[in-house]
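>>> From the sequence below, what's the structure:
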Amino acid sequence: MKELSPSERSQILKAIDGMLKNVRWVAGSAERHLQKRIARGHLPAAATIEDYEHVIRSVLQDESAQVFRYWYNRKPYLTLVTAVQSRQWLVMFSYDSLMETAFIIERPEQYLNKPGFEEIGSLREVQHEL
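Numbers count the residues shown, from 1 in each chain. Modelled structure (predicted):
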């Protein structure tokens, strides 16, 4: 696991907790993201925003989820990746608990090796300082 300062660990856990309490989307983007996931076959045609947010919360509660920091335009985003119903889901959000995106990644090892992704460790490690 990447060495985290107490304040970094606290920021990460606070952001995850904020997302678990309330999945907040950029104004007007929730429905657009839902429709995109349905169109790509990531969610069933009849899926609702509640179904989508259930998947997001499942990722955020899985202690085996891998935690990454993703840098975009010098702004950090938290990214968690884990299996939900045997498909690898990626959930990305800001440190102020604002949802960015969530989708299935077919080749996580390839996708997460892109520039900008920095592996932190498992959620369990972040929570318990293993």
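
>>> Now do the SS call for Q35.
helix (DSSP: H, G, I helix; E, B strand; the rest coil).

>>> what's the spacing between the residue of the chain positioned farthest from its centre and I38?
Most distant from the centre of the chain: A46, at 22.7 Å, with distances by CA atoms, centre = their mean. From A46 over to I38 the distance is 9 Å, taken as CB to CB, to the nearest Å. C-beta here means a position set from N, CA and C on the backbone, and glycine is covered the same way.

>>> what residues are up against the residue farthest from the centre of the chain?
Listed by CB atoms under 8 Å, 6 or more residues apart in numbering, the contact set of A46 is empty.

>>> a helix runs through it, doesn't it?
No: assigned with three-state DSSP, A46 falls outside any helix and is coil.

>>> what's the distance between it and Y52?
12 Å.

>>> Phi and psi next, for the nearest residue to E119 once chain neighbours are set aside.
In space, not counting the residues next to it along the chain, E119 is nearest to F68; the distance is 5.5 Å by CB to CB, 6 or more residues apart in numbering. Here is the backbone geometry of F68 (degrees, to the nearest 10): phi -130, psi 150.

>>> Please name the bridge partners of F68.
With DSSP bridges as the criterion, F68 is bridged to T79, E119.

>>> Surely it touches T82?
No: counting by CB atoms under 8 Å, T82 is not a contact partner of F68; they are 11.6 Å apart.

>>> So the residue nearest the centre of the chain: helix, strand or coil?
Among the residues of the chain, the one closest to the centroid is V91, at 2.2 Å (CA atoms, centre = their mean). Secondary structure state of V91, per three-state DSSP, is strand.

>>> what comes up buried for stretch 66-80?
Buried positions in stretch 66-80, judged by neighbour count with 16 or more other CB atoms under 10 Å: Q66, V67, F68, R69, Y70, P76, Y77, L78, T79, L80.
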